[in-house]
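Colleague: sequence-free structure coming up:
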């Protein structure tokens, strides 16, 4: 019998048996990468959750603007905080 992988590679029963034997011996043939679980890190520093109460209409308008800019609420807030802090930074 012949099998076709998602990448279009054709494998026979003999190929499957060979792969199984290599796996059982602890070998990992092919391309294997590190699997990262969860969201990607956005900073090398520890993060702190910041909460604020804002009228619903302001949140809705803010979310709509973030969406128009291709951002999430969190991404937009982080960008605005960074921009505010850059304005206070001494120029080089």
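Modeller: Alright, I've got the coordinates. Given the structure is predicted, the values throughout are model-derived calculations rather than measurements.
Colleague: what helix or strand is the residue nearest to the spatial centre of the chain on?
Modeller: Closest residue to the average C-alpha location of the chain: residue 40 at 4.5 Å, with Cα atoms, centre = their mean. Residue 40 belongs to no helix or strand when assigned by DSSP states H and E.
Colleague: now what about the helix or strand hosting residue 80, what contacts it?
Modeller: Assigned by DSSP H and E, residue 80 belongs to helix 73-88. Outside helix 73-88, the residues that touch it by Cβ atoms under 8 Å, 6 or more residues apart in numbering are 42, 59, 62, 63, 65, 66, 69, 71. For every residue, glycine as well, the C-beta is placed using N, CA and C.
Colleague: can you check stretch 40-60 too?
Modeller: Contact with stretch 40-60 is made by 62, 73, 78, as judged by Cβ under 8 Å, 6+ apart.
Colleague: with neighbour count and distance to residue 46 as added columns, please give the residues you listed in a markdown table.
Modeller: Formatted as a markdown table, the contacts of stretch 40-60 follow (neighbours: other Cβ atoms under 10 Å; distance: Cβ to Cβ, whole Å):
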| residue | neighbour count | distance to residue 46 |
| --- | --- | --- |
| 62 | 15 | 26 |
| 73 | 13 | 21 |
| 78 | 14 | 15 |
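Colleague: good, wrapping up.
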